[in-house]
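Peer 1: Pasting a predicted model and its sequence here:
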There are 2 protein chains.
Amino acid sequence: MAKQNTVFKDAFNRCLTLVAEKGELPSELELGTTLGVSRTTVRAILERLKALEIIAWDKRSKAMLRTPQPDDFFPVEETSSLSDIIERSFMRRILAGGAEPGMQINELELARDIGTGTTSVREFLIRFSRFGLIEKRPNSHWVLKGFTREFALELTEIREMFELRSAAGFAALPEDHPAWRDLDDMDALHRDMLANIDTRYRDFSELDERFHLLVHRSSSNRFIIDFYDIITIVFHYHYQWNKANDRERNARAVEEHLDYIAALKTRDLAKVDRACRRHLRSARETLLQSIQQPEA
Amino acid sequence: MAKQNTVFKDAFNRCLTLVAEKGELPSELELGTTLGVSRTTVRAILERLKALEIIAWDKRSKAMLRTPQPDDFFPVEETSSLSDIIERSFMRRILAGGAEPGMQINELELARDIGTGTTSVREFLIRFSRFGLIEKRPNSHWVLKGFTREFALELTEIREMFELRSAAGFAALPEDHPAWRDLDDMDALHRDMLANIDTRYRDFSELDERFHLLVHRSSSNRFIIDFYDIITIVFHYHYQWNKANDRERNARAVEEHLDYIAALKTRDLAKVDRACRRHLRSARETLLQSIQQPEA
DNA sequence: AAACTGTCTATTGTAGATAAAATAACAACG
DNA sequence: CGTTGTTATTTTATCTACAATAGACAGTTT
């Protein structure tokens, strides 16, 4: 069926909330930039909004006629891109399902399982291979290297090198660098979360990602920033299947972040180094503990 | 035309030299392992050898009938895999041809240019994107980030972190680790090359790669080892288009390697660190000098 | 019975086709 | 002048098809 129109559907849904908020819509061009799609897609969205009698569309005026109803939205399942679907499906298989290291991965079987063509699966695997969890045997299958203790150790080794360097780089940023403002915001967000940790602890994963990314960005090194993708995806999925003690774990991590932020603000390299190491050590512990040991 | 039979052709050529050397061929299975192909391909090769009356093939006996002639070989151009062709072609465009950073990369155009389907080009670009030289705009084109000074600086920054750590790791390997033997071999190869530097300096690039890979392997960290792919490809192509002063440059590098090897053998971390830094510094200089500065 | 071969099946690599989406052009409008 | 209507073209994302290749099993040879 060639391309799915998920871009359209997703943008349409976002446009519905937009129209509900504002009561009208801006120019086609502007709408395109806010939704991140081309004018072609914008016009398709407007057509549909008009057909559903949600807006009166006449040239420049796009006024809301009625408030969008839940029925007007496309179902969420239809809005995620194929690569996202494949990613989720694949990660479930290898992280949640007891996939043994050394297992063969079969493009065709995966594709049939997920219900897509092989091309997309193949492209996903190629993209995914940079995470070091799978490896290709040319002209043959892929091999799952597995989410093992070694993987976690190798991953954290690099993470620690990079983060220590980035943290030091951050502390050396000029006073007027915008990152300092972002750090203040982070500080506030963390305090906020800590104050309501019992209800908010589930949101930590996202905050964690944003905070570390902020630190890494200061390195201005594309390889360091790109590497953080690996950390992100590993932690993201890992948190999902492994929720033992997460309230305490996250509370502790928030506190460590706050120490780390405070240390950055002093711009004292020794302090930064100490706070950063402390946090990284406990992050590593957490990750290692959660990896199921292969029985001896 | 679906798949090209380059695997077959390449293996066939290698088999020709094999049969010329030995006068006969081993079992299908064994031949498969030495050539690195499946039995299916082995049998196809044997069919052809028989058809060309180069061997008499009857079940287990595969004796040579006549010495293979140059004509029997497939032309080399037909033996390289499509991805290699795409890689070379692409690298020529972006490194040799004056490709400006920010330039758009068009899958279709590239495919037409190279004379292949879009699928292969696309997969190449995805694989290549991990080198940080290009970036995808989803649903739209790729953007060439360019082989710029920043790229080189970011690359060498990581390289230096990794290599210093690997070198320290190497020095700490146990006495009986096989890497020490490999290092002795490297030492000999370097001395060899230095003795005949005037005729051999062109082979340095390959030796360089092997030496650094040996060092990096001691880290046993897949991310460090994988990252070295980026270094390899950058230097590989860079050496090709940029041969100014290469004799002196390479001679100097060989000497630095020898110092570095000697330092490793002492297992003295301070010495290793010093020799490693010295070499990395001059490698960085070389790379930076060769990057054409964008005119101000 | 171990090693090998003959035969068959399943999977990968690649091309080609098609719908979705992007991009472009330009006259007409307010 | 920024916007829209219109129309056309190009490119991407994805599917399907098929030859090359890998791999499995059963039968054969030593």
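Peer 2: Arrived safely, thanks for sending. Just so we're clear, the structure is a prediction, and the values are computed from it rather than from any experiment.

Peer 1: Now find how far off-centre the strand or helix carrying A:Leu18 is within its chain.
Peer 2: Per DSSP states H and E: A:Leu18 is located in helix A:6-22. The chain centroid and the centroid of helix A:6-22 are separated by 21 Å under CA atoms, centre = their mean, to the nearest Å.

Peer 1: C-terminal to that helix, what's the next element?
Peer 2: In N-to-C order, the element after helix A:6-22 by DSSP H and E is helix A:28-35.

Peer 1: what about that next one, near DNA strand D?
Peer 2: Yes. Using CB under 7 Å from any atom of the strand, helix A:28-35 reaches DNA strand D at A:28-30. Placement of C-beta: from N, CA and C, glycine included.

Peer 1: Closest one to B:Thr286 out of these, please.
Peer 2: A:Leu29 (47.8 Å; CB to CB).

Peer 1: What score does that closest one have for pLDDT?
Peer 2: Looking at A:Leu29, its pLDDT stands at 96.

Peer 1: Can you tell me what sits against stretch A:63-77?
Peer 2: A:9-10, A:12-13, A:16-17, A:19-20, A:23-24, A:52-56 (CB atoms under 8 Å, 6 or more residues apart in numbering or on different chains).

Peer 1: repeat that for 6 Å
Peer 2: Counting by CB atoms under 6 Å, 6 or more residues apart in numbering or on different chains, stretch A:63-77 makes contact with A:9, A:13, A:16, A:19-20, A:23-24, A:53-56, all of which sit outside it.

Peer 1: Apply the buried test to the residues you listed and list what passes.
Peer 2: A:9, A:13, A:16, A:19, A:54-55 (16 or more other CB atoms under 10 Å in any protein chain shown).

Peer 1: Give me the below-cutoff pLDDT ranges for the stretch 101-250 of chain A.
Peer 2: Applying pLDDT under 70 to the stretch 101-250 of chain A picks out no residues at all.

Peer 1: Could I get the full set of strands for it?
Peer 2: Using DSSP state E, counting those that start in this stretch, the strands of the stretch 101-250 of chain A run over A:104-105, A:134-136, A:142-144.

Peer 1: and the last one, what does it pack onto?
Peer 2: Right, strand A:142-144. Counting contacts by 3 or more CB pairs under 6 Å, 6 or more residues apart in numbering or on different chains; DSSP states H and E, strand A:142-144 is packed against strand A:134-136.

Peer 1: Can you list the strands that the strand it packs on pairs with?
Peer 2: Partner strands and pairing direction for strand A:134-136 (DSSP bridges) are strand A:142-144 (antiparallel).

Peer 1: List the buried residues of the partner strand.
Peer 2: So strand A:142-144, judged by 16+ other CB under 10 Å, has buried residues A:142, A:144.

Peer 1: All the helices of chain A, residue numbers only.
Peer 2: According to DSSP state H, chain A carries its helices in the segments A:6-22, A:28-35, A:39-51, A:82-91, A:107-114, A:118-128, A:149-171, A:178-195, A:197-200, A:204-217, A:222-241, A:246-266, A:269-290.

Peer 1: need the residues of the stretch 51-200 of chain A near DNA strand C, please.
Peer 2: The stretch 51-200 of chain A has residues A:59-60, A:105-109, A:118-119, A:122, A:136, A:138-142 near DNA strand C, with proximity defined as CB under 7 Å from any atom of the strand.

Peer 1: From those, list the buried ones, please.
Peer 2: Buried members of these, counted by 16+ other CB under 10 Å: A:105, A:107, A:122, A:142.

Peer 1: and which of these is nearest to DNA strand C?
Peer 2: Here the nearest of those to DNA strand C, counting by CB to the nearest atom of the strand, is A:Glu107; it sits at 3.4 Å.

Peer 1: isn't the closest one right next to A:Thr119, touching?
Peer 2: No. With contact taken as CB atoms under 6 Å, A:Glu107 and A:Thr119 are classed as non-touching, separated by 9.3 Å.

Peer 1: that older thread, so which of the strands of the stretch 101-250 of chain A is nearest A:Ala96?
Peer 2: strand A:142-144 (13.7 Å).

Peer 1: is DNA strand D contacted by the closest one?
Peer 2: No. Using CB under 7 Å from any atom of the strand, strand A:142-144 never reaches DNA strand D; the gap is at least 9.9 Å.

Peer 1: outside of that strand, which residues touch it?
Peer 2: Counting by CB under 6 Å, 6+ apart, residues outside strand A:142-144 touching it are A:99, A:103, A:105, A:125, A:134-136.

Peer 1: Tell me the one among those nearest to B:Ala270.
Peer 2: Once CB to CB is applied, the member of the contacts of strand A:142-144 that ends up nearest B:Ala270 is A:Glu135, at 36.9 Å.

Peer 1: Who are the contact partners of the closest one?
Peer 2: Residues counted as contacts of A:Glu135 (CB under 6 Å, 6+ apart) are A:143, A:145.

Peer 1: Which residues of the stretch 1-150 of chain A lie near DNA strand D?
Peer 2: So the stretch 1-150 of chain A meets DNA strand D at A:1-4, A:6, A:27-30, A:39-40, A:43, A:57-60, A:62, A:81-83, A:116-120, A:137, A:139-141 (CB under 7 Å from any atom of the strand).

Peer 1: Quick check: pLDDT value at the residue of chain A positioned farthest from its centre.
Peer 2: The outermost residue of chain A relative to its centre, with distances by CA atoms, centre = their mean, is A:Asp58 at 38.9 Å. With respect to pLDDT, A:Asp58 has a value of 92.

Peer 1: now swap in the one 5 residues further on and tell me
Peer 2: At A:Ala63, the predicted lDDT confidence score is 94.

Peer 1: before we move on, what about the one 3 residues further on?
Peer 2: pLDDT for A:Arg66: 96.
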